Structures are given as C-alpha cells and as structure tokens.
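Colleague: the sequence isn't on hand, but the structure is:
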C-alpha cells in the first residue's frame, strides 16, 4: 500500500510535540486507564476523530516490526499510555495506521521491555505477510486470531501464560500449514494429533504441558529436529520410529525408561538426553550416523559401552559415570574415579599438560573411554566377554595407530601378580578376582592382549 510506504519514509523525520492534535479529555482519560479495554476504546475513538494525516503522526512514534516505542518521551506526552499496555498499544496503532501490512518478522523478548509482555494476538490479524513470530516471556491471549497469519513459517510462543482452549484450538494449526519451525510452551493436549496438518514442519520444540503420548507424530515426516522437555507423564517414545529424516533429538525431563524406536532412525546425528528414569541406552550403539551425544541420566543407566559400535561417534559428554558393581559385593565398585585414572594413564605419548576427563571425550580420548566403559560393563555382567571382544575390535579398528599410541596391555610384572598392576584395567581385574567369574576375567584379559600392544606405540 502506498500509505504504508509513506509511513515508513516519514519515520526518519521525528515530529515535534506541537504537531500532534490536542486530545479530548475523554480520549486522554481512556488512554491513561489501567484497563486495556479502555485504552483500546480510547485508540478507536482517537482514530475516528482524527484525520488520516494527523493519525500518521502517532504511527511515527512506533516501530511496528518490534512492537516497541521509537520515541518514548514524545509517546508519553502525546498519548500518555501506561507502560503496562505498551506492546498492545503499539500493535493497535500499527494496525490502525496500516503499518502491519508489510511486517514479516516480530520478535518479543521480556528483557527488552520494562513491563511483562502481555500480547493480544487479535491486534496482529492484519499482519498478512508475517512469517516469523517469537514471543519469549509474559502472556499471550486470543490464540484463535492466528488463523489469519497463514504465511507464518516460524512460530515460537515461550510465554509463562498462554490462553489455550483445548477444544477451540484443536484445529488451530490446520490453517498454518506453511510453518516449518514451531516452539511452544504449556502444550495443552495429551498427544500430537493437533499438529497433523503440519506436513512441512521441520523443527518442533515443545516445553511442558500435558503430553503423555507421541500419537500423531507419524504425520510429521518432514521433521529433522525434535525437542521435548518437562513432560513427566510421557513414558514411551516408540512412535518416534516414523521420523525417518530426524537428525537432531533432544529429550529432557521425561519419564521414559527405554529408547525403543530410535534404532530405526538412520539419519540421527545429534542427541541430547536428560532423563533420570532411563535404564538402558544400548540402542544408541546401533545408530550408524550418530556423531554427537550428550547424556545425563544418573548412575543407574546401562549400555554406555555400546557406543563403541557407533561408527561415526565423535563427541561424548556425560553428566556422570555409572557405578558398576563387581559381583554381589555392593561395596566393590568401579566408576568415574577409575575411568578418569584410565584416561590420565592412557594419554598420548609426551602429553604432559592436557587435562583429560571421562565426562567429556572426543577423538582418541573417546576411544579410551569406550574401552574402559566396556571393561566395566563386562565385569558387572551387563555384557558377555564375547560382546566385549567385539567392542574392543571395533574401537581399535576405528582409531587404529592413533589409539594404540595410548592404549596398552602390558605383560604381568611377575608370576605372583594375577594381572598387570601397572595398568588401571589390570588393577580392575585384580579387584574383581573372587567376585566375578574367573572365566569372564580371563577372556577380558585375552581380548586386551589380542588387540592392544604391550606398551604405547608412537603413531
């Protein structure tokens, strides 16, 4: 519209206070009200009693793209609207002036405003070209108005209060089928079927609410990134196996005990998990594309060593290391202290200063951690000696000479030593003697002797 272009052109020139029309006492009282309905009424009355050119002066005080006041002092003198209604008042003036017609992006962050965000989406209904709407903090009202925003590509409503209506809004997303990125807090439904029309959706991030089932996720076949957090009633994610294009998965504070369903996701490259109820993560070892994993699931989780079979894994970050019990003696355990010592002893030849930790590893550090975890799992009877041998073969084959310049399995120093005490793993095996099946311990030692050199080999 020509009128909107004129508004944008004139915003470079700041009007003086004497250019603004004098407000009637009735309008001024309404605009100063603490009640938004009265402020809204005052703005409606203002536009109806002011000619178009004069009203454009008020629109020059705002930035419609950020819904912020551009000239605070003039705003206070000319209109006197309370700060608590700033966002809605700016949106209303932008709407009345036709200034929303060309707006394509609106970002609202509570840190940018003196008062809490309180957005009425009805006021944005004329923003027909809006492609991005982000609200971070505060509250959002009148969500049914979103059906007019059919050009939306990115929608993020991370408000403390969202005026969801589970019945009226269940069909809300059917008119928003252009959305490719959706981030919402306080999800009000028990499943994902309200999103079934979003077949172009690539990024979904839901944070807190009523979700207890992933029913309907099979309609979202274009998803490449999925993040679910703070759904304490969600105990199964098996339906996730339908997301064949999924490359990034983040699961925080769910009640899942299993990762069943992930084994079919061949495109997964990045995973973050913070789920204290997880019991076994061994399925992660079957993910051929996995490169980055962050895992914080407490000390009871099993299956970390299976990552030795993940051929592309490059980086591993752990919140903690499980405590592996040796036999039936709960006092005899292997854990983070032992893994950290292994990493320190099996460091690169000549490396004197680098700090090494089992909680974060990449490259050949990762290879060392995976060997150590697999030994612990074999001694804790979580995997067989045959499985351990295969894992050791996978790790040494993948990192080759670079790993063998660090990992080693020395000969016994004397006939009285069961296993080499100069090696941390040798000390582990000696500690396990009498608690763990002797045949298992012997097979672990034989595998180490088969795949590792007797001393670090320079690559």
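Modeller: That came in fine, so what should we check first? Every value quoted in this text rests on a predicted model; they were computed, and no experiment measured them.
Colleague: quick one, strands of the stretch 251-400 of the chain?
Modeller: Here the stretch 251-400 of the chain has its strands, by DSSP state E, counting those that start in this stretch, at 270-274, 292-295, 315-318, 324-326, 329-334, 360-362.
Colleague: adding mean neighbour count, write those out as TSV.
Modeller: (Glycine included, C-beta is placed from N, CA and C.) Shown next, in TSV, are the strands of the stretch 251-400 of the chain (neighbours: other C-beta atoms under 10 Å):
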stretch	mean neighbour count
strand 270-274	18
strand 292-295	19
strand 315-318	19
strand 324-326	21
strand 329-334	14
strand 360-362	17
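Colleague: hey, least reliable of these by pLDDT?
Modeller: When these are ranked by mean pLDDT, strand 329-334 comes last with a mean of 88.
Colleague: and the contacts of it?
Modeller: 323-326, 376, 379-380, 428, 431-432, 435 (C-beta atoms under 8 Å, 6 or more residues apart in numbering).
Colleague: select only the buried ones of those in PyMOL?
Modeller: For the buried members of those, the matching PyMOL selection, counting by 16 or more other C-beta atoms under 10 Å, is:
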select buried, resi 324+325+326+376+379+380+428+431+432
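Colleague: narrow the contacts of strand 329-334 to those in helices?
Modeller: Secondary structure from DSSP state H places 376, 379, 428, 431-432 of the contacts of strand 329-334 in helices.
Colleague: which of these lies at the shortest distance from residue 115?
Modeller: residue 376 (54.5 Å; C-beta to C-beta).
Colleague: quick one, strands of the stretch 1-150 of the chain?
Modeller: Under DSSP E, counting those that start in this stretch, the stretch 1-150 of the chain gives strands at 62-63, 68-69, 105-109, 118-120, 132-136, 139-141.
Colleague: can you tell which of those strands is closest to residue 229?
Modeller: The nearest among the strands of the stretch 1-150 of the chain, by C-beta to C-beta, is strand 132-136 at 15.4 Å.
Colleague: for residue 358, list the residues it contacts.
Modeller: 318, 321, 336, 339-340, 342-343, 369, 372.
Colleague: out of those residues, which two sit at the greatest distance?
Modeller: 318 and 342 (14.4 Å).
Colleague: CSV for the strands of the stretch 251-400 of the chain, including distance to residue 118?
Modeller: What follows is the strands of the stretch 251-400 of the chain, written out as CSV (distance: least, C-beta to C-beta, whole Å):
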stretch, distance to residue 118
strand 270-274, 32
strand 292-295, 36
strand 315-318, 39
strand 324-326, 53
strand 329-334, 54
strand 360-362, 42
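Colleague: dump the residue contacts of the nearest residue to residue 383 once chain neighbours are set aside.
Modeller: Nearest non-adjacent residue to residue 383, counting by C-beta to C-beta, 6 or more residues apart in numbering: residue 377, 4.9 Å away. By C-beta under 8 Å, 6+ apart, residue 377 lies in contact with 302-305, 324, 383, 388.
Colleague: before we move on, what about residue 198?
Modeller: 173, 176-177, 179, 182, 219-220.
Colleague: please indicate which of these are buried?
Modeller: 173, 176, 179, 182, 219-220.
Colleague: how deep is the closest residue to residue 65 other than its chain neighbours tucked in, by neighbour count?
Modeller: Using C-beta to C-beta, 6+ apart and skipping residues adjacent in sequence, the residue nearest residue 65 is residue 103, 5.5 Å away. Residue 103 is flanked by 23 other residues according to other C-beta atoms under 10 Å.
Colleague: was I right about residue 103 contacting residue 63?
Modeller: No - here residue 103 does not reach residue 63: they are 10.0 Å apart, not a contact under C-beta atoms under 8 Å.
Colleague: if I look at residue 299, how far off is residue 335?
Modeller: 8 Å (C-beta to C-beta, to the nearest Å).
Colleague: overlap in contacts of the two?
Modeller: Counting by C-beta under 8 Å, 6+ apart, the residues touching both residue 299 and residue 335 are 321-323.
Colleague: could you dump these into JSON lines and include pLDDT and distance to residue 359?
Modeller: Below are the shared contacts of residue 299 and residue 335 laid out as JSON lines (pLDDT from 0 to 100; distance: C-beta to C-beta, whole Å):
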{"residue": "321", "pLDDT": "93", "distance to residue 359": "7"}
{"residue": "322", "pLDDT": "92", "distance to residue 359": "12"}
{"residue": "323", "pLDDT": "92", "distance to residue 359": "14"}
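Colleague: with distance to residue 139 added, can I get those in JSON lines?
Modeller: Formatted as JSON lines, the shared contacts of residue 299 and residue 335 follow (distance: C-beta to C-beta, whole Å):
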{"residue": "321", "distance to residue 139": "43"}
{"residue": "322", "distance to residue 139": "42"}
{"residue": "323", "distance to residue 139": "45"}
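Colleague: show me what the top helix by length along the chain is packed against.
Modeller: When the chain is parsed with DSSP H, its longest helix is helix 385-404. Counting contacts by 3 or more C-beta pairs under 8 Å, 6 or more residues apart in numbering; DSSP states H and E, helix 385-404 packs against helix 364-379, helix 438-451.
Colleague: now what about it, what contacts it?
Modeller: So helix 385-404 is in contact with 305-306, 308-309, 311, 363-364, 367-368, 370-371, 374-375, 377-378, 383, 407, 439-440, 443-444, 447-448, 450-453, 456-457, 459, going by C-beta under 8 Å, 6+ apart.
Colleague: and those residues, which are buried?
Modeller: 305-306, 308-309, 364, 367-368, 370-371, 374-375, 377-378, 383, 407, 440, 443-444, 447-448, 451-452, 456-457.
Colleague: low-confidence regions, the chain specifically.
Modeller: 1-12, 114, 349-354, 412-417, 458-459 (pLDDT under 70).
Colleague: ends of stretch 198-210, how far apart?
Modeller: 20 Å (C-alpha to C-alpha, to the nearest Å).
Colleague: which positions in that stretch come out as buried?
Modeller: Within stretch 198-210, the residues that count as buried by 16+ other C-beta under 10 Å are 198, 201-209.
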